[in-house]
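Student: turn this into a model:
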Amino acid sequence: MAILNEPMTYLAFGVVRFIQFILALTVCGLYGVDVTSMRKAHVHTDGRWAYAIVVGTFSAITALVYLIPVTMRKMSILFVWDVLLLFFWIVLFGIFGKLFIKEDAEGNKDIQRMKNAVWVDLINMLLWLATSISVGIYWFKHRHNRSQFTGRAVV
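Tutor: Next up is the predicted model:
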């Protein structure tokens, strides 16, 4: 199998990106329940919930693109986009953490779901922090590499 010939770091990044993809879709689902309820009740959608879905969507698309092996090698400069997504996740965790971490669910399934969503946001934030740092280090370390044969071309 060709995938087993790749260095273990690419395989590890692939696993992390897949987890990011799954968790981003989870966030979209958790917050989408409330957005759907608001829409059915003909209530204006709260911008905070829309922001959560947008961040989840951007993260899912990004993680899916990064699952392409060529992307991980050739486009490591995109760690800047990872840092931006990290910032989005920090803001998202801050918004909903302030709303729901200290909230007592008292048997309310909706509040308990949102409390769980906050912890999923935290895990997402930590994963994007780890990949941002890792890809940033990789880019800074390899940005001035030269070609193997002539040594003239920057790879």
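
Student: ranking helices and strands of this protein by mean pLDDT, which lands last?
Tutor: Using mean pLDDT, DSSP states H and E, the weakest-scoring helix or strand in the chain turns out to be helix 69-74, at a mean of 64.

Student: which residues touch the next helix-or-strand element following that helix?
Tutor: Scanning forward in sequence from helix 69-74 by DSSP states H and E, the next helix or strand is helix 79-100. The contact list for helix 79-100 (C-beta atoms under 8 Å, 6 or more residues apart in numbering) reads 48, 51-52, 55, 58-59, 62, 111, 114-115, 117-118, 121-122, 124-125, 128-129, 131-132, 135-136, 138-139. Quick note: C-beta positions are derived from backbone N, CA and C, even for glycine.

Student: give me the buried subset of those.
Tutor: Among the contacts of helix 79-100, those classed as buried by 16 or more other C-beta atoms under 10 Å are 51-52, 55, 59, 62, 114-115, 117-118, 121-122, 124-125, 128, 131-132, 135-136, 138.

Student: so which of these are in helices?
Tutor: Judged by DSSP state H, those include 51-52, 55, 59, 62, 114-115, 117-118, 121-122, 124-125, 128, 131-132, 135-136, 138 as members of helices.

Student: centroid residue for the chain?
Tutor: Of all residues in the chain, the one closest to the mean position by C-alpha atoms, centre = their mean is residue 59, 4.2 Å from it.

Student: out of everything not next to it in sequence, what's closest to that one?
Tutor: Nearest in space to residue 59, with sequence neighbours left out and distances taken as C-beta to C-beta, 6 or more residues apart in numbering, is residue 24 at 3.8 Å.

Student: the one you found belongs to a helix?
Tutor: Yes. Counting by DSSP: H, G, I helix; E, B strand; the rest coil, residue 24 is located in a helix.

Student: spit out the contact partners of it.
Tutor: 56, 57, 59, 60, 63, 124.

Student: and those as a markdown table, adding distance to residue 82 and pLDDT?
Tutor: Below are the contacts of residue 24 laid out as a markdown table (distance: C-beta to C-beta, whole Å; pLDDT from 0 to 100):
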| residue | distance to residue 82 | pLDDT |
| --- | --- | --- |
| 56 | 15 | 97 |
| 57 | 16 | 97 |
| 59 | 10 | 97 |
| 60 | 14 | 97 |
| 63 | 10 | 94 |
| 124 | 12 | 97 |
